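Asker: Here is a sequence together with a model predicted from it:
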Amino acid sequence: MAEQSYKNHTRFFPPFHFFVIPVLLINVLNEMRHVYLDPTRHNWWQLVVALALITLALSARIMALTVQDRVIRVEMRQRLAMCLPADLQGRINELTRRQLVAMRFASDAELPDLTREVVAGKLTAPKDIKMRVKNWQADWLRA
């Protein structure tokens, strides 16, 4: 696999992003067209089902990402407990889920300095945290 960095760390799952979602969106648009041309109860119901299907797909994606974020949060708290000096260990619970998820790409050696900047309020946005990582630790197992 190619080396991972901030520029290429986003992940697309081709069956979901390039097949399922486009097909479901086209289906919604097609059903809207049917309702416009022939507003029968059947066509309205077909539109409701099309909207339910796309809502199902997006909800499933959000649920998977939420579980992944919870796992990352636990993993990062364990890593921080092992890597941080005593003065920072008491501040681990101050880190938000989004900050912990962004910090997962940092090496163990740079976690103390990065954590110091985050808890001091110098880095708040996940993008800023990721941009500060020097020794990127790849995460190939993302949902």
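Answerer: Noted; the coordinates are in hand.
Asker: what's the helix or strand Glu31 falls within packed up against?
Answerer: Taking DSSP states H and E as the definition, Glu31 sits inside helix 21-37. Judged by 3 or more C-beta pairs under 8 Å, 6 or more residues apart in numbering; DSSP states H and E, helix 21-37 is in contact with helix 41-83. From N, CA and C alone the C-beta is placed, and that goes for glycine too.
Asker: The helix it packs on vs helix 21-37, what angle?
Answerer: Counting by axes from the mean of the first three to the mean of the last three C-alpha atoms, to 10 degrees, helix 41-83 lies at 150 degrees to helix 21-37.
Asker: circling back to that earlier point, what does the helix holding Glu31 contact?
Answerer: Asn43, Trp44, Gln46, Leu47, Val49, Ala50, Leu51, Leu53, Ile54, Ala57, Leu58 (C-beta atoms under 8 Å, 6 or more residues apart in numbering).
Asker: 6 Å - rerun?
Answerer: Asn43, Trp44, Gln46, Leu47, Ala50, Leu53, Ile54, Ala57 (C-beta atoms under 6 Å, 6 or more residues apart in numbering).
Asker: so how far is the helix or strand encompassing Gln99 from its chain's centroid?
Answerer: Using DSSP H and E, Gln99 falls within helix 97-103. In terms of C-alpha atoms, centre = their mean, to the nearest Å, the centre of helix 97-103 is found 10 Å from the chain centre.
Asker: What is that helix packed up against?
Answerer: Here helix 97-103 touches helix 41-83, helix 126-132, going by 3 or more C-beta pairs under 6 Å, 6 or more residues apart in numbering; DSSP states H and E.
Asker: Which strands or helices does the last one pack on?
Answerer: It stands for helix 126-132. helix 97-103.
Asker: pull the CA atoms of the helix it packs on into PDB?
Answerer: Once non-C-alpha atoms are left out, helix 97-103 reads as follows in PDB (Å, rounded to 0.1, in the frame of the first residue of the first chain):
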ATOM      1  CA  ARG A  97     -14.000  12.700  20.500                       C
ATOM      2  CA  ARG A  98     -13.100  14.700  17.300                       C
ATOM      3  CA  GLN A  99      -9.800  15.700  18.800                       C
ATOM      4  CA  LEU A 100      -8.900  12.100  19.800                       C
ATOM      5  CA  VAL A 101      -9.900  10.900  16.300                       C
ATOM      6  CA  ALA A 102      -7.700  13.400  14.700                       C
ATOM      7  CA  MET A 103      -4.800  12.700  17.000                       C
END
